[in-house]
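**Student:** got a predicted model here, sequence first, then my questions.
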Amino acid sequence: MERPLSTEPFDLDQMRMLSAVAAEGSFSRAAATLGVTQSAVSQGVRAVEAALGRQLLIRGGRGVEVTPDGEAYLIYARAMLKIGGDARRHFTHPKVAGVIRLGLTEDFARTVLPAVLGLFTRQHPGFSFEVECGLSKIMFDGLDGGRLDTVIAKRPAGRSGGERLWVEPFSWYGRADTPHPVPDPVDLALIPEPSESRRVMLDALRRAGRPWRAMFQSHSFATLEAAVLAGVGVTAFGRQMHGPGVAELGEDSGLPPLPALDMVMVQAARGTSDATDSFCDLVREAAILGVAPVPDQAAG
């Protein structure tokens, strides 16, 4: 049974109807999407227009056009619908407790983890974390060995499967005064084996016929950044990782282009706890909200 129309111009259900019509370009398709009758959608849109005293949509033979007032209304409507959805999820999501065993790479831990962890702890008190942070291959070995429940990391070469969260652009970085072009041999600050970042850099240099030498090696991104700032060598980071004082090196550096890397999330085949599943849901939401570009579908 459809509920009575509201005379309030910012009624959530009627905002949802108008937003659906604008997105679908059709009252009938909007009704099908929302699971209501076309008459209900038409009445809901008219009720909003009457309450505002503004025409928001133009009905024509070629479909529906949104007026300038409609565009302005939709900005507020979509924001309010998102807030309403967030509030609903917050108060209807079951409270969970338990242990979350995560394996993370340092780039995820330094960029995305604080926001996700902060939101999760506010929503779900009464749990504990066991977190390992290290190289992708080591984290996936921990998953395969049963030590970890979920891994969020760059996809290692030769490994398939997992849910691709985003594609991470990968670029060369050095000091602002790095010579252009970078001379041979290319002095590098590297993560020791087994490292995806190291593999990608060295493969690119080999294909380009560029000689190189490892001038500094460390498992820590912070110490690699310090080496770069000291002028010891150049390195490569995901574009969210570098700090102040480190400059991206473009084509005029003479360094070969680097391929992007997949950031993936893999949960244990044996199943995970409700707490871990809830945390992974927030990671997905963080990707959707624009932490990084999101692919159309999960990787195979």
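**Tutor:** On my side now, so go ahead. Residues are numbered from 1 along each chain as shown.
**Student:** just give me the longest helix of this structure.
**Tutor:** helix 68-92 (DSSP state H).
**Student:** what sits up against it?
**Tutor:** 10, 12, 15-16, 18-19, 22, 48, 52, 54-57, 66, 123 (Cβ atoms under 8 Å, 6 or more residues apart in numbering). Quick note: C-beta positions are derived from backbone N, CA and C, even for glycine.
**Student:** try stretch 275-285
**Tutor:** Residues contacting stretch 275-285 (Cβ under 8 Å, 6+ apart): 93, 96-102, 112, 116, 119-120, 123-124, 127, 149-150, 152, 163, 165, 265, 267, 272.
**Student:** list the buried residues in the longest helix of the chain.
**Tutor:** 70, 73-74, 77 (16 or more other Cβ atoms under 10 Å).
**Student:** returning to that earlier point: which of the contacts of stretch 275-285 count as buried?
**Tutor:** 96, 100-102, 112, 116, 119-120, 123-124, 127, 149-150, 152, 163, 165, 265, 267, 272.
**Student:** now, the most widely separated pair of the contacts of helix 68-92?
**Tutor:** Farthest apart among the contacts of helix 68-92 by Cβ to Cβ are Gln55 and Gln123. That separation is 40.8 Å.
**Student:** in the chain, which ranges drop under the pLDDT threshold?
**Tutor:** By pLDDT under 70, the low-scoring segments of the chain are 1-7, 89-90, 92-97, 156-159, 239-244, 270-272, 288-300.
**Student:** what about the strands in it?
**Tutor:** 57-60, 63-66, 98-104, 127-133, 150-154, 163-168, 170-175, 186-190, 212-217, 235-238, 246-248, 261-267 (DSSP state E).
**Student:** got the contact list for the fifth one?
**Tutor:** Meaning strand 150-154. 100-105, 107-108, 136, 139-140, 142-143, 165, 168, 196-197, 261-268, 272, 276, 279-280, 283.
**Student:** could you do the second one as well?
**Tutor:** Under the criterion Cβ under 8 Å, 6+ apart, residues 21-22, 25-27, 56-58, 74 lie in contact with strand 63-66.
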